[in-house]
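>>> A structural model of the following input is requested.
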Amino acid sequence: MKTFVAPAACAVLCVLGGCWSTHEGSALPRPVPGDARALEAGDWPERPTERLVGLRDSLEALRDSSDEAESSVAADLRFNELVGESPTGLLRVYDETDPDESDIDALFADLVHGFHPNAYFLTDREVRGIPRLVGKDLEEDGVRARDGVGIRLPGPASGGMRPRGVILRLTALMVTSYEDDAVSVLEDAGWAVVSIDTQTALRPPVIGRELPLDITYAELARKRSRTNERYELDIAIREQTEREPLGPDEWARQVVAGEVWQVRGFLITPETDLGELGAEIAGHIDDTLAENAFAAEAVLDYIDAERPDLSGLPVVVLGFSAGALAAPTVAARLGDRIDGLVLVGGGADVFGVGAHSDLIGNGMHLYVSDEPIDPESGVVDRERRVSNAVRDELNELVLERTRLDPYHMAPLLSSLPVLVVDGSFDVIVPSANAALLRERLGSPDRVRYLGGHMGLFYFLAGEMGRVTRWLDENVPASGIAR
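So this is what the prediction gives:
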């Protein structure tokens, strides 16, 4: 009986978070895969800044905006510049303020970012992705105070103490209290943490619509719940604003003509050249990964120029989940400006992660049609998905053509201390992709959790002592020593 109880008890402890282990990796420099390729300047997507100069000036005008929420935020603007020798975007830093409970935009922004930003990084890519500014005079319409990548910069250390170092934290797709608790452990250990809202949206093209433009009210009601309530609300609003009410069918057609009913993705037809499609998707992946690297670079440029309390300290890039997918690209961009890299729940091959993740589902937005679809009026069958064989062939083509995927970035980090924290049975960032990342990194140091993605984060704070010890052993207090 005893021989049965002991293994059973051990299994229960593993399930409850007890199965963590630390494994020392290869010595620096770690082995580099034979197919590693050097990163060239042309591999980074361009970020023109000409339009951002005018936008910088328009932000100053927000102080006099009739929008009280916008003018209130703009009044706290204390830094508004394109930073660095070769700037890629506009960094705006605001005086620290607590969010006003009446400011719905601020509360929503905090929910989206997972933290309360006090800085925003805006690039030309971001401007082109803001629907309300598409096709408009940007200098005239301007941007809002909170447009761009949300960032939280730490305040001065209490008591005038100099921090142990700076951690550039790239957040998970959905920030949880478990991630925040893990970060708190690092802050308690003396690290100043900069939080960056990881950019994950690929922004694929519009390939069609979810519902036909000539839909009737009855058809819309059959396909979407609460159609009747929404129509009645619209009638009430039009009566109050003295506007002519719309008939049911006309109203239904106006509803489905909106942007929310557009389908964005990549369409595969019998005529599709998978090589060309693979190159297109690879470009979108690189563009998204680069946005995070540019934001992190701008933060370091700002610290060097404006924060003497943080300048010159050791710098570590820390990525959680989606942030861990972007972190190798960030580390490659920053090069010798950083001293270490910690990847929690990450992997290599972004396309593969999106295609196989239990959380993301059709993360690469692949759709199938027997014939081309008119992007303006054609209807996309969102339930029809690409076959596994075609998806896997496309995966290989994308991985071959991408330049900034962790698969290609990891070998460039052979001289950088790297710690990987991952789960052996992860189905959100699949364990196969985590293993691929470790292989491409040349077998880095590892903290292994015998479980999945959710358990990894749920128990992470209690195991952060492993991370802080690794930081103390591998990141010298004096900074870069490689």
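>>> name the SS class of Val127, please.
Of the three states, Val127 takes helix under DSSP: H, G, I helix; E, B strand; the rest coil.
>>> pretty sure it is touching Arg56, no?
No - between Val127 and Arg56 there is no contact, the gap being 11.8 Å when judged by Cβ atoms under 8 Å. Yep, even glycine has a C-beta here, placed from its N, CA and C like the rest.
>>> who's in contact with the strand or helix carrying Ala236?
Per DSSP states H and E: Ala236 is located in helix 227-240. Contact with helix 227-240 is made by 217, 220-221, 244-246, 248, 251-252, 255, as judged by Cβ atoms under 8 Å, 6 or more residues apart in numbering.
>>> rerun that using 7 Å as the cut-off
Helix 227-240 has contacts (Cβ atoms under 7 Å, 6 or more residues apart in numbering) with 220-221, 244-245, 248, 251.
>>> list just the nearest of the residues you listed to Ala145.
Trp251 (34.6 Å; Cβ to Cβ).
>>> so Ala192 sits in a helix?
No - using three-state DSSP, the assignment for Ala192 is strand, not a helix.
>>> quick check: the gap between Gly165 and Ala298.
Here the criterion is Cβ to Cβ, to the nearest Å. By it, Gly165 lies 19 Å from Ala298.
>>> please identify which of those two sits among more neighbours.
More crowded of Gly165 and Ala298, by other Cβ atoms under 10 Å: Ala298, with 26 against 23.
>>> quick one: secondary structure of the more buried one?
Of the three states, Ala298 takes helix according to three-state DSSP.
>>> quick check: pLDDT value at it.
Listed pLDDT for Ala298 reads 98.
>>> that one and Pro417, how far apart?
For Ala298, the distance to Pro417 - Cβ to Cβ - is 24 Å.
>>> show me where the stretch 101-250 of the chain has strands.
119-122, 149-152, 165-170, 191-196, 206-209 (DSSP state E, counting those that start in this stretch).
>>> quick one: which of these is nearest Asp95?
With Cβ to Cβ as the criterion, Asp95 lies closest to strand 119-122 of these, at 10.7 Å.
>>> CA atoms only: put the closest one into CSV for me.
Extracted in CSV, the C-alpha atoms of strand 119-122 (Å, rounded to 0.1, in the frame of the first residue of the first chain):
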residue,chain,number,x,y,z
ALA,A,119,3.9,56.6,-21.6
TYR,A,120,2.9,55.8,-25.2
PHE,A,121,5.1,55.0,-28.2
LEU,A,122,3.6,55.9,-31.6
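>>> and that strand, what does it pack onto?
Packing contacts for strand 119-122, counted by 3 or more Cβ pairs under 7 Å, 6 or more residues apart in numbering; DSSP states H and E, involve strand 90-94, strand 149-152.
>>> helix/strand/coil for Ala332?
Ala332 - assigned by three-state DSSP - is helix.
>>> residues contacting it?
Neighbouring residues of Ala332 by Cβ under 7 Å, 6+ apart: 39, 409, 412-413.
>>> so how far is Leu39 from it?
Ala332 is 6 Å from Leu39, by Cβ to Cβ.
>>> which among the contacts of helix 227-240 end up buried?
Applying 16 or more other Cβ atoms under 10 Å to these, the neighbour count classes 220-221, 248, 251 as buried.
>>> quick one: low-confidence ranges for this protein?
Scanning the chain for pLDDT under 70 picks out the ranges 1-18, 59-75, 96-113, 130-143, 360-363, 478-482.
>>> again, only this time at 50
Regions of the chain meeting the criterion pLDDT under 50 cover residues 1-10, 13, 139-140, 481-482.
>>> can you list the domain ranges for it.
Following automatic domain parsing, one gets these domains for the chain: 40-152, 162-207+262-482, 214-256.
>>> check those for me and report the most buried one.
When you average the neighbours per residue for each of those (mean count of other Cβ atoms under 10 Å), domain 162-207+262-482 leads with a mean of 20.
>>> follow-up on the earlier one: can you lay out the domains of the chain as a markdown table showing distance to Ser26?
Converted to a markdown table, the domains of the chain look like this (distance: least, Cβ to Cβ, whole Å):
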| stretch | distance to Ser26 |
| --- | --- |
| domain 40-152 | 26 |
| domain 162-207+262-482 | 5 |
| domain 214-256 | 55 |
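>>> could you find the closest non-adjacent residue to Arg152?
Of all residues not flanking Arg152 in the chain, Ser195 sits nearest, at 4.2 Å (Cβ to Cβ, 6 or more residues apart in numbering).
>>> nope, Leu300 is what I meant
Leaving aside its chain neighbours, Leu300 sits nearest to Arg337 (5.8 Å; criterion: Cβ to Cβ, 6+ apart).
>>> from memory the one you found sits against Val299, does it?
No - applying Cβ atoms under 7 Å, one finds Arg337 not in contact with Val299, separated by 10.8 Å.
>>> ok, Pro205 - contacts?
Neighbour list for Pro205: Arg264 [criterion: Cβ under 7 Å, 6+ apart].
>>> quick one: the helices in the stretch 251-400 of the chain?
Secondary structure of the stretch 251-400 of the chain, counting by DSSP state H, counting those that start in this stretch: helices at 274-306, 322-334, 350-356, 388-401.
>>> now the closest residue to Ala326 other than its chain neighbours: how far from Asp57?
Leaving aside its sequence neighbours, Ala326 sits nearest to Asn292 (Cβ to Cβ, 6+ apart; 4.2 Å). Distance from Asn292 to Asp57, counting by Cβ to Cβ: 27 Å.
>>> now do Phe294 against Arg144, distance only.
The separation that Phe294 has from Arg144, given Cβ to Cβ, amounts to 20 Å.
>>> could I get the full set of helices for the stretch 51-200 of the chain?
68-75, 104-113, 124-128, 138-141, 177-188.
>>> so Ser26 sits in a helix?
No - going by three-state DSSP, the assignment for Ser26 is coil, not a helix.
>>> that one: what's it in contact with?
Counting by Cβ under 7 Å, 6+ apart, Ser26 has contacts 442-443.
>>> state the distance from it to Ala119.
37 Å.
>>> isn't Leu77 right next to Leu91, touching?
No - taking contacts as Cβ under 7 Å, Leu77 lies outside contact range of Leu91: 11.2 Å.
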